[in-house]
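**Q** With the input below, show me the fold.
(one chain, ligands or ions: 1)
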Amino acid sequence: MLIGIDDTDSPRTMCTTYLAARLIQSLREHGYRIHRAFLVRLNPNVTWKTRGNAAIAIEADGDVALAFDLACRWVEALADFGAEETHPGVVVVQEKPPAAFYYQAARDFCSIDEAVTVLTKACALFKGYKSGRGLIGATAAVCAELPDVTFELLVYRTPDRWGTARHVEKTTLFTSEADTYPHTWDSVDTGEDSTVCVPHTPDPVLFGIRGESPFWVARGRSFIFSEEPACEQVFLTNQGTDAHLVPGTIGHLEEGRSYLLEGVVSSPPKTGKGGHVGFGISGRDGTIHCMAYEPTKRFRDVVRALLPGDRLIVVGSWKQGSINLEKMCILSLVEWVVKSPPLCGICGKRMTSAGTDKGYKCRNCRTKSKEPQVTLQLRLLRTGWYEVPPCARRHLAKPLVRGAPSLSPTPVIIGMSIQP
Ligand code: ATP
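**A** The predicted model follows:
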């Protein structure tokens, strides 16, 4: 069976992955065999998410009705029901439903009614608390197929410490990264000298190590000294796989979806208030704006070095009229032509502008010239992929160290599901 859970936390406490780790312990104590635990990230542009829009699926063998009962009891015991935005959902299916609902939830928006239709067809046991919105994530989690998969080992705090400062030795995180990168990633940001895998929110997570296999996340974890943890759990996950991306065309974008788009830089990058950098990009059917926000740190230096005419693939979410960049590929670069006033052919002094469209004049000997001095500057960029640093990476974004994005999305085979 697959047990799906979502929407149990609030900004002030809890984490659905922690609840899942406790449920797994409890299922084991009741004699269940646990095969795998999945941490499934869904559309990052859902505004009603608590943090990273995660849902959980647990693959287990044993009595289905009791598993549903246990899952509901753990949700009732731990979910933050008092929080306005917490609407838990619990789902148990004996057969994995078609993957289409998962792809819709990862790349687009779903309704509770659509989730209930999938669950009814799958003869699922399910319960939605309050508005029942958590059924969307819980259903998507049990429908998920992961053609590309990564792992996360999550380490949890004892409840008496929730909300207090975390004690994780920073140097040991850097040692872990030095030993295991690129088999693990995003534990730290060496460029910013900051830690990435230790949250700052008052939830039960102490830290999480992301990597390519259970072996590598366990090895990464083994270097880290910290306060005494409560428990640990390894999840298979779609994090770091670009599962949220679809190819798109400029001029035909839908709010809240995440795209790969090809275009040509049409207006030069400008740094605005707060250090956010924006530029225009044109495609067949229009021109749009791309943004590299301040938290993307040194990635903005790459963006600032773009010139009109550079051909790009941009990757990111389409939100309120702009693409929020996660990464980009420079396909070709134009020559950087700099026009400046020429030297006077008579006296050798630098000429000055004679006014708009009037060419240049020498203030020394009054000689006139129409032609500017043209120089080719060295471009500071090369063609290829560039990404935001670890400190600004979205959970679903595939780090380039795992490979460049695929330019065609994973096919959705309606009515069939592929086991991860
Ligand atoms: P948690 O740790 O509790 O899962 P979170 O940051 O993952 O926290 P949730 O609290 O689960 O966010 O809130 C996300 C809500 O949005 C859930 O109710 C989920 O069912 C719903 N949801 C997820 N993806 C979609 C989607 N594509 N369309 C509509 N609703 C969605």
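
**Q** Tell me where the stretch 251-400 of the chain has strands.
**A** 258-271, 277-283, 286-292, 311-319, 322-332, 336-340, 352-353, 360-361, 368-369, 373-377, 384-387 (DSSP state E, counting those that start in this stretch).

**Q** Show me where the stretch 251-400 of the chain dips below the pLDDT cut-off.
**A** Across the stretch 251-400 of the chain, nothing is flagged by pLDDT under 70.

**Q** Indicate the residue of it located nearest to the ligand.
**A** Taking CB to the nearest ligand atom, the ligand has its nearest neighbour within the stretch 251-400 of the chain at Gly256, 8.5 Å off. C-beta: built from backbone N, CA, C; applies to glycine.

**Q** count of residues packed around that residue?
**A** Gly256 has 17 neighbours, counted by other CB atoms under 10 Å.

**Q** I'd like the strands of the stretch 251-400 of the chain written out as JSON lines, with mean neighbour count and distance to Ser111 added.
**A** Shown next, in JSON lines, are the strands of the stretch 251-400 of the chain (neighbours: other CB atoms under 10 Å; distance: least, CB to CB, whole Å):
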{"stretch": "strand 258-271", "mean neighbour count": "19", "distance to Ser111": "20"}
{"stretch": "strand 277-283", "mean neighbour count": "20", "distance to Ser111": "31"}
{"stretch": "strand 286-292", "mean neighbour count": "19", "distance to Ser111": "28"}
{"stretch": "strand 311-319", "mean neighbour count": "21", "distance to Ser111": "20"}
{"stretch": "strand 322-332", "mean neighbour count": "21", "distance to Ser111": "25"}
{"stretch": "strand 336-340", "mean neighbour count": "12", "distance to Ser111": "50"}
{"stretch": "strand 352-353", "mean neighbour count": "12", "distance to Ser111": "61"}
{"stretch": "strand 360-361", "mean neighbour count": "20", "distance to Ser111": "65"}
{"stretch": "strand 368-369", "mean neighbour count": "14", "distance to Ser111": "68"}
{"stretch": "strand 373-377", "mean neighbour count": "11", "distance to Ser111": "53"}
{"stretch": "strand 384-387", "mean neighbour count": "17", "distance to Ser111": "33"}
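
**Q** What I need now is the ones you listed written out in TSV, including distance to Ala144 for each item.
**A** Formatted as TSV, the strands of the stretch 251-400 of the chain follow (distance: least, CB to CB, whole Å):
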stretch	distance to Ala144
strand 258-271	17
strand 277-283	32
strand 286-292	30
strand 311-319	20
strand 322-332	21
strand 336-340	46
strand 352-353	62
strand 360-361	65
strand 368-369	67
strand 373-377	49
strand 384-387	24
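
**Q** now those strands as CSV including distance to the ligand?
**A** Shown next, in CSV, are the strands of the stretch 251-400 of the chain (distance: least, CB to the nearest ligand atom, whole Å):
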stretch, distance to the ligand
strand 258-271, 11
strand 277-283, 26
strand 286-292, 22
strand 311-319, 13
strand 322-332, 17
strand 336-340, 42
strand 352-353, 55
strand 360-361, 59
strand 368-369, 62
strand 373-377, 45
strand 384-387, 23
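
**Q** quick revisit: in this structure the residue of the stretch 251-400 of the chain closest to the ligand contacts Trp318, no?
**A** Yes: Gly256 lies in contact with Trp318 (CB atoms under 8 Å); the separation is 7.2 Å.

**Q** Within the sheet, what are the partner strands of the helix or strand where Arg36 lies, with directions?
**A** Using DSSP states H and E, Arg36 maps to strand 33-41. Next to strand 33-41 in the sheet, as set by DSSP bridges, lie strand 54-61 (antiparallel), strand 231-237 (parallel).

**Q** Run a quick neighbour tally on the residue in the stretch 201-350 of the chain that the ligand sits nearest to.
**A** Among the residues of the stretch 201-350 of the chain, Asp203 lies closest to the ligand, at 8.0 Å counting by CB to the nearest ligand atom. Using other CB under 10 Å, Asp203 has 23 neighbouring residues.
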